[in-house]
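> Give me the fold of what follows.
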Amino acid sequence: MAVQFMTPILALKRFNANEWEALLITATPTIFFSLSIFWNDLFSRRSLGRYLMTFWMWAGLPLALVAFADSYWMLLVPHLLTCVGGAGYHPAAGDLLRSLYPEKSRGRVYSVIWGASMVVGALAGWGAGSLMDKEPEAFRVIYPIAAALQLGGCGVFILLAHHIGHTGRRVVNRAADERSALKRVTEPIAHLKEILKADPIFARYEAAFMTYGVGWMICYALVPILSTKKLGLDYESIAESTHAAYWFAVTAMILPAGWLMDRIGAVRTTGLSFFLLMFYPVALMWVDGKHMLLMASVWYGIAHAGTSMGWMLGPVSLAPSPEKVPQYVAIHATLVGIRGKIFQFVGVGLFSLMGVFTESLEIAFAVPFGLAAAAALWSAWQMRTLDRMMRERGK
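Alright, predicted model coming up:
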C-alpha cells in the first residue's frame with residue numbers, strides 16, 4: 001500500500017507525467033477492484049495455497065519489475081499488472097476473517113490487525129519518501145523489497161489457514177472447471193445481480209458505499225495533483241502530510257471504531273464515518289501549504305476509521321452464511337471498481353475544465369471538492385435510512 005501510494009508521485013516527479021497520466025496510475029488500483037468477482041470464481045476452484053501463489057504472481061511479482069523502469073510507460077505496465085492482481089486479495093481475506101474471529105469480537109480484533117498494518121504502512125510510506133528525496137533511484141530497491149514482503153505475507157496466510165484447520169474444512173468446487181470460458185465470464189456477473197436483487201439490505205449498503213465513493217474517489221485522484229501542482233511539495237513532505245498523517249490518525253481511531261462496530265454494527269458506524277468525512281474535501285479547498293494539508297489528512301484519518309472497518313466487516317457481517325462471505329466481499333470490491341472507473345476521471349475532468357474557464361487553481365479545486373463533500377453527506381443519509389429499515393425488520 002505504501003509503494004502504491006508513492007507510484008503516482010514517482011510518475012509526476014521522476015518521469016514528468018502530466019495530470020491525466022498520473023490519474024491513470026492513481027485510478028487503476030480501485031478500477032481493477034471490479035475484477036474481484038472473477039477472482040472469487042477462481043478462489044472457489046482453487047486451494048488457498050494455489051490461489052495465493054497465483055495472486056502473488058500478479059499482485060506482487062510485477063512490483064519487482066518497477067526496478068527496471070526508465071520511462072512512464074515502463075512504470076505503468078507493471079503497475080497495471082499489480083492492480084489486476086490486487087483485486088484477488090479480497091475473497092481470500094474475507095474468507096479467513098470470518099473463519100478466524102467470532103462476530104461479537106470481530107470488529108475489535110480486526111481493528112488491532114488493521115491498525116498494526118496501518119502503522120507499518122505509514123512508516124514505510126514516510127521512509128520511501130525520505131529515501132527517494134535523497135536518492136531518486138531508490139525506488140529500484142524499494143519496489144522489489146515490497147514484492148518480497150508480499151510473498152512473505154501470502155506464506156503467513158497459508159500457514160495460518162493450515163494451523164486453524166480452515167484448509168481442511170473449505171470445500172473447493174473442482175467441477176466448475178468444466179465450464180466454457182464464456183460461462184466463466186458471464187456467471188459471476190449474473191450471480192452479482194441475483195444477490196443484489198435477493199438481498200435488499202446488502203444492496204442498499206452497497207448503494208450508500210457507491211455514493212460515498214463518489215466523494216472519496218474525487219479526493220483520492222486530486223490529492224497527488226494538489227500536492228505537486230499547487231503546493232509544490234517534495235517526496236518526503238508529501239508522504240508526511242498525506243499518507244503518513246492519514247495512516248497514523250486512522251491507527252489512533254481504529255480501536256474505538258472497532259469497539260463501536262461491535263456495539264452498534266457496521267451500518268451505523270459507517271454512516272457516522274461518512275458524515276464526518278464530509279469535512280475532509282471542505283478542508284482541502286482551503287489548503288495552502290504542507291501544515292494545512294497535514295491537518296486535513298489527520299481529520300481524514302480520524303473520520304475514515306469507521307469506513308475502513310465497514311469496508312470489509314460490512315460485507316462479512318451481512319453475508320447470510322460463512323460460505324457466502326468471499327462472494328459478498330468480492331461483490332463489494334467489484335462495485336468499488338465500477339465507481340473508480342467513473343468518478344476519479346470526473347474529479348480530474350472538473351478540475352481541468354474549471355482551470356481552463358477560470359484560470360484559478362483555487363476555483364479549479366473547489367468545484368470537485370464541493371461535489372465530494374455533497375456525496376459524503378448524501379451517503380451518510382443513505383446509511384441512516386438503511387439503519388431505520390433494518391430496525392423495522394428486527395435485524
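
> any weak-confidence spans in the protein?
168-188, 337, 339-341, 356, 394-395 (pLDDT under 70).

> Tell me how far the residue at minimal distance from the centre of it lies from Ser117.
Centrality entry for the chain: nearest residue to the mean C-alpha point is Thr30, 6.3 Å, by CA atoms, centre = their mean. Going from Thr30 to Ser117 by CB to CB, to the nearest Å gives 18 Å. Where you see a C-beta, it was placed from the backbone N, CA and C, and this is true even at glycine.

> Check the gap between the residue nearest to the centre of the chain and Arg263 for me.
For Thr30, the distance to Arg263 equals 30 Å [CB to CB].

> Then Met1?
From Met1 to Arg263 the distance is 28 Å (CB to CB).

> Comparing the two, which shows the higher neighbour count?
Between Met1 and Arg263, Met1 has the larger neighbour count (other CB atoms under 10 Å), namely 17 against 11.

> who touches the more buried one in this structure?
121, 125 (CB atoms under 8 Å, 6 or more residues apart in numbering).

> again, only this time at 7 Å
Gly121 (CB atoms under 7 Å, 6 or more residues apart in numbering).

> Distance check, it against Gly86.
Using CB to CB, Met1 is found at 10 Å from Gly86.

> Then Phe43?
Applying CB to CB to Phe43 and Gly86 gives a distance of 14 Å.

> before we move on, what about Arg391?
36 Å.

> Ala366 now?
32 Å.

> quick one: which of these two has more around it?
Taking other CB under 10 Å, Ala366 and Gly86 do not tie; Gly86 has more neighbours (24 against 20).

> wait, what's in contact with the more buried one?
29, 32, 59.

> surely the first one meets Gln4?
This means Pro29. Yes - taking CB atoms under 7 Å as the definition, Pro29 is a contact partner of Gln4 at 6.0 Å.

> so which strand or helix has Ile225?
Per DSSP states H and E: Ile225 is located in helix 200-225.

> in the stretch 151-300 of the chain, which spans are helices?
166-169, 181-198, 200-225, 235-238, 245-277, 279-286, 290-318 (DSSP state H, counting those that start in this stretch).

> Does the fourth one pack against any helices or strands, and if so which?
So that's helix 235-238. On a contact count with 3 or more CB pairs under 7 Å, 6 or more residues apart in numbering; DSSP states H and E, helix 235-238 meets helix 2-14, helix 103-134.

> What is the longest one packed up against?
Where contact means 3+ CB pairs under 7 Å, 6+ apart, helix 103-134 is packed against helix 2-14, helix 139-163, helix 235-238, helix 245-277, helix 290-318.

> The same query, at a cut-off of 10 Å, please.
helix 2-14, helix 89-100, helix 139-163, helix 235-238, helix 245-277, helix 290-318 (3 or more CB pairs under 10 Å, 6 or more residues apart in numbering; DSSP states H and E).
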